[in-house]
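Visitor: Give me the fold of what follows.
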Amino acid sequence: MHIAIAGNIGSGKTTLTKMLAKRYNWSPRFEPVEHNPYLDDFYSDMSRWSFNLQIYFLNKRFKEVVEISQSDKDIIQDRTIFEDACIFAPNLHGQGYMSDRDFNNYSDLFNTMMTLV
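Guide: You can find the predicted model right below:
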């Protein structure tokens, strides 16, 4: 079983994930927030670094999707690949921080990845 928690930054995803994992003896998977080599650059120049940041997240989250799909554990996750692909990247594109070319490339890559899991 795989359950995912979605929500805005600071909405309590991690807290809820911890509580449910403890209560039901599920394996928690937490969003990796440390050691992101693009985050500071992104906040300094969103237009320049939005594509790089989203590709970084897509890579990390796809690895996680693959690991989860190969696991026989009951897993609860506090952020998914779908929030990036269906909310964050489209919002960056819609606000003009990601070009059409980069957004289309990102979307094509995401769609290809999803055919593999």
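Visitor: And the residue nearest to H2 when sequence neighbours are not counted, what's its pLDDT?
Guide: Once flanking residues are discounted, H2 sits nearest to I75: 5.1 Å by C-beta to C-beta, 6 or more residues apart in numbering. No exception for glycine: its C-beta is placed from N, CA and C like everyone else's. I75 is assigned 96 on the pLDDT scale.
Visitor: Can you tell me how far I75 is from H35?
Guide: Using C-beta to C-beta, to the nearest Å, I75 is found at 22 Å from H35.
Visitor: more neighbours, these two?
Guide: I75 (19 against 6; other C-beta atoms under 10 Å).
Visitor: give the contact list for that one.
Guide: M1, H2, I3, W26, S27, P28, R29, I68 (C-beta atoms under 8 Å, 6 or more residues apart in numbering).
Visitor: Let's have those in JSON lines, adding distance to T14.
Guide: Below are these laid out as JSON lines (distance: C-beta to C-beta, whole Å):
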{"residue": "M1", "distance to T14": "19"}
{"residue": "H2", "distance to T14": "17"}
{"residue": "I3", "distance to T14": "14"}
{"residue": "W26", "distance to T14": "14"}
{"residue": "S27", "distance to T14": "15"}
{"residue": "P28", "distance to T14": "9"}
{"residue": "R29", "distance to T14": "11"}
{"residue": "I68", "distance to T14": "17"}
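Visitor: Can you lay out these as CSV showing secondary structure, pLDDT and distance to N104?
Guide: Listed next are the contacts of I75 as CSV, based on DSSP: H, G, I helix; E, B strand; the rest coil; pLDDT from 0 to 100; distance: C-beta to C-beta, whole Å:
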residue, secondary structure, pLDDT, distance to N104
M1, coil, 91, 34
H2, strand, 92, 29
I3, strand, 94, 31
W26, coil, 97, 37
S27, strand, 96, 36
P28, strand, 96, 34
R29, strand, 93, 29
I68, helix, 92, 27
